[in-house]
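A.B. asks: Could you look at this predicted model? Sequence included:
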Amino acid sequence: MSDLAIPIVVEPEGPPSKKLPPADWVKANLFNGPMNSVLTVVFGLAGLVGLIFALSWVFTADYAIVRANLRLFMIGQFPRDELWRPWVSGFVLIGGLGFLSGALARNTHESNIEKELPSEQASWPQLLRRFWAIVAVLIFFVSFARTVLPFIGLAVVFVLLVAGREFGWRVSAVVRSRAIYIGSALFIISMLILAGTSTLGGYALGLLAAFWASAEVGRRDRSEGWMGLALRWGVPLLAAIVVFVVQVLIPLDGFGWEDWGGLHITLFTTVLGITLGMPFGILLALGRQSDLPVLKTASIGFIEFVRGVPLISLLLFSNLMLPLFLPIDFDRPADLSLAIFVIMGFSAAYIAEIVRGGLQAVPKGQTEAAQASGMSPGAVQRLIVMPQALRAVIPAMVGQFIALFKDTSLLSIIGITEFLRVSDVANAQSDFVGRGLAPVTYLFVAIGYWAFAYTMSKESRRLEVKLGVGVR
């Protein structure tokens, strides 16, 4: 036997496993020593004074500025005669999200049962505890409405969410196997209802077709051969090209995004920045580790340039300088279009570095073992390396998403009236100038930012526990 000493790791004692009564818990955690008792009293009194002051200010503040500008805070300068578009678009989107969540939850449930793993259907009280912040802030926002229609609209949203999830849970396995495709199609329909321009619809359908094709290629059987591969790639791409040509020849009537604003544009830009920046960032991370000098140099150059320049400077460049490099007869893109491409590239550069850290954490032995078993390099990356890399960087990835959500406030620099900018617009109105209502509007906006950021952070922690991040 070896005479080397084997280190013994002593786990620190944790809190008792059983729940203590309230009085015993307070005594064991807050007054278990002289210093802890003093700190408890000092911080308790300070918190009580702060709470009393905050509540007195909240109940005595003048919220007239919020009531008068609620529509501006939510959707910006959207024309009144077109307000049906955001409502109907939101109904389709919420119904699709409900269906997608229900179908994916059922697929996971059945997969766990098949693998003899513990699984249970999440109840509605559990879902409400998960998303209580967003639900509460939506009810809080609607409480400032001066008509009954927003209350009815919010009630319809909740009904569609419940009905969509129940429907997604109960449909057949064949339908649930294509749940992501159906959800993506409903997202495109929602966008076309909201702003049915040929450009937006064509680009969105092109991205959707590429997603469909890549997903089908990932799940195809090797026995299908190249004919099956061509069909899986060709059919969705051909459909997208046909629909794009039809939209160019016969543009769909809609309302463009030039006058979008408020919370609507903040969430829209964040979602697009994440969904477009994520795959681009993964490709950049893989390109940075490539053995091809041209691809590796281009990836490193893009990542290091974007990470070394503030986002505000990139937004200003896209808005003021980039149009100067376009041909004279070329129509200038909308400010929001330029901003979305900038935010996509900015988030992709940071996501690439996060993913690269995850790739380095995957042991090389697993890659070598997969290659020895006959797997192709693409299959090794897709099935072995990338799932482990993304699992390891969930906290950093969600932190980047939250930062991107808050960075959308910089859109005001190029004249886009996003959620935070609405506060300045409202306080500059003649009815509210000099009344000192800026704290009210800023608090209103801060609550909205907090609700969505807190929910993303909470869901991240839940996903970490579910995937066992940090557990060996």
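C.D. replies: Yes, it's here. Keep in mind that this is a model prediction, so the values were computed, not measured. Numbering: from 1, shown residues only.
A.B. asks: Assess the claim that residue 404 and residue 275 are in contact.
C.D. replies: No. With contacts counted by Cβ atoms under 8 Å, residue 404 stays clear of residue 275, the gap being 11.3 Å. Quick note: C-beta positions are derived from backbone N, CA and C, even for glycine.
A.B. asks: Between these two, which has more neighbouring residues?
C.D. replies: More crowded of residue 404 and residue 275, by other Cβ atoms under 10 Å: residue 404, with 21 against 13.
A.B. asks: how near is that one to residue 411?
C.D. replies: 12 Å (Cβ to Cβ, to the nearest Å).
A.B. asks: now do residue 459
C.D. replies: 25 Å.
A.B. asks: now do residue 323
C.D. replies: Distance from residue 323 to residue 411, by Cβ to Cβ: 17 Å.
A.B. asks: again, but for residue 267
C.D. replies: 12 Å.
A.B. asks: who's more crowded, those two?
C.D. replies: residue 411 (25 against 16).
A.B. asks: mind listing what the more buried one touches?
C.D. replies: By Cβ atoms under 8 Å, 6 or more residues apart in numbering, the residues touching residue 411 are 265, 269, 315, 336, 339, 418, 421.
A.B. asks: Let me see the confidence value for the closest residue to residue 420 other than its chain neighbours.
C.D. replies: The shortest distance from residue 420 to any non-neighbouring residue, by Cβ to Cβ, 6 or more residues apart in numbering, is to residue 409 (4.3 Å). Note on residue 409: pLDDT of 91.
A.B. asks: How about residue 340?
C.D. replies: With respect to pLDDT, residue 340 scores 86.
A.B. asks: Then the one 10 residues further on?
C.D. replies: Reading off the confidence values, residue 350 has pLDDT 93.
A.B. asks: Just give the number of residues close to it.
C.D. replies: Residue 350: 20 neighbours (other Cβ under 10 Å).
A.B. asks: The closest residue to residue 350 other than its chain neighbours: neighbour count?
C.D. replies: Closest residue in space to residue 350, ignoring its immediate chain neighbours: residue 400 at 5.4 Å, by Cβ to Cβ, 6+ apart. Number of residues near residue 400 (other Cβ under 10 Å) recorded here: 21.
A.B. asks: Extract the CA atoms of the host helix or strand of residue 400 and return them as PDB.
C.D. replies: If you go by DSSP states H and E, residue 400 is part of helix 394-407. These are the backbone C-alpha positions of helix 394-407, laid out as PDB (Å, rounded to 0.1, in the frame of the first residue of the first chain):
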ATOM      1  CA  ILE A 394     -25.400  29.100 -17.200                       C
ATOM      2  CA  PRO A 395     -24.800  31.700 -14.400                       C
ATOM      3  CA  ALA A 396     -22.500  33.800 -16.600                       C
ATOM      4  CA  MET A 397     -24.800  33.500 -19.500                       C
ATOM      5  CA  VAL A 398     -27.900  34.700 -17.600                       C
ATOM      6  CA  GLY A 399     -25.800  37.500 -16.100                       C
ATOM      7  CA  GLN A 400     -25.100  38.600 -19.700                       C
ATOM      8  CA  PHE A 401     -28.700  38.400 -20.600                       C
ATOM      9  CA  ILE A 402     -29.700  40.600 -17.600                       C
ATOM     10  CA  ALA A 403     -27.000  43.100 -18.500                       C
ATOM     11  CA  LEU A 404     -28.300  43.200 -22.100                       C
ATOM     12  CA  PHE A 405     -31.800  43.800 -20.800                       C
ATOM     13  CA  LYS A 406     -30.700  46.800 -18.900                       C
ATOM     14  CA  ASP A 407     -28.300  48.000 -21.600                       C
END
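A.B. asks: just checking, what packs against that helix?
C.D. replies: Contacts defined by 3 or more Cβ pairs under 8 Å, 6 or more residues apart in numbering; DSSP states H and E place helix 394-407 against helix 262-288, helix 335-361, helix 438-467.
A.B. asks: after the first one comes which helix or strand?
C.D. replies: Scanning forward in sequence from helix 262-288 by DSSP H and E, the next helix or strand is helix 293-307.
A.B. asks: so how far is that next one from its chain's centroid?
C.D. replies: 26 Å (Cα atoms, centre = their mean, to the nearest Å).
A.B. asks: Need the contact partners of that helix.
C.D. replies: 284-285, 287-290, 314, 345-346, 348-350, 352-353.
A.B. asks: Closest to residue 377 out of these?
C.D. replies: Set against residue 377, the nearest of the contacts of helix 293-307 by Cβ to Cβ is residue 290 (10.9 Å).
A.B. asks: And for the nearest residue to the closest one once chain neighbours are set aside, the neighbour number?
C.D. replies: Nearest residue to residue 290 in three dimensions, chain neighbours excluded: residue 296, at 4.9 Å (Cβ to Cβ, 6+ apart). By other Cβ under 10 Å, the residues close to residue 296 number 14.
A.B. asks: Equivalent analysis for residue 365, please.
C.D. replies: 8.
A.B. asks: Save the helices and strands packed on helix 394-407 as TSV, and put in distance to residue 163 too.
C.D. replies: Output for the helices and strands packed on helix 394-407, formatted as TSV (distance: least, Cβ to Cβ, whole Å):
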stretch	distance to residue 163
helix 262-288	23
helix 335-361	32
helix 438-467	22
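A.B. asks: Minimum distance to residue 160: which of those helices has it?
C.D. replies: Distance to residue 160, taken as Cβ to Cβ, is lowest for helix 262-288 among these, at 17.7 Å.
A.B. asks: Show me what the closest one is packed up against.
C.D. replies: Using 3+ Cβ pairs under 8 Å, 6+ apart as the contact test, the elements touching helix 262-288 are helix 70-75, helix 293-307, helix 335-361, helix 394-407, helix 419-427.
A.B. asks: what pLDDT does the nearest residue to residue 406 once chain neighbours are set aside get?
C.D. replies: Of all residues beyond its chain neighbours, the one nearest residue 406 is residue 449 (6.4 Å), with distances taken as Cβ to Cβ, 6+ apart. We have a pLDDT of 94 for residue 449.
A.B. asks: number of nearby residues for residue 449?
C.D. replies: 19.
A.B. asks: what does the one 10 residues further on give?
C.D. replies: Neighbours of residue 459 under the rule other Cβ under 10 Å: 13.
A.B. asks: Touching, it and residue 127? I think so.
C.D. replies: No. Counting by Cβ under 8 Å, residue 459 stays clear of residue 127, with 11.5 Å between them.
A.B. asks: how much space between the residue nearest to residue 406 and residue 43?
C.D. replies: Residue 449 is 26 Å from residue 43, by Cβ to Cβ.
A.B. asks: same deal with residue 120?
C.D. replies: Distance from residue 120 to residue 43, by Cβ to Cβ: 39 Å.
A.B. asks: More neighbours: those two, which one.
C.D. replies: Counted by other Cβ under 10 Å, residue 120 and residue 43 do not tie: residue 43 has more neighbours, with 11 against 8.
A.B. asks: All the helices of the stretch 151-300 of the chain, in order from the start?
C.D. replies: 173-176, 179-194, 198-219, 225-249, 262-288, 293-307 (DSSP state H, counting those that start in this stretch).
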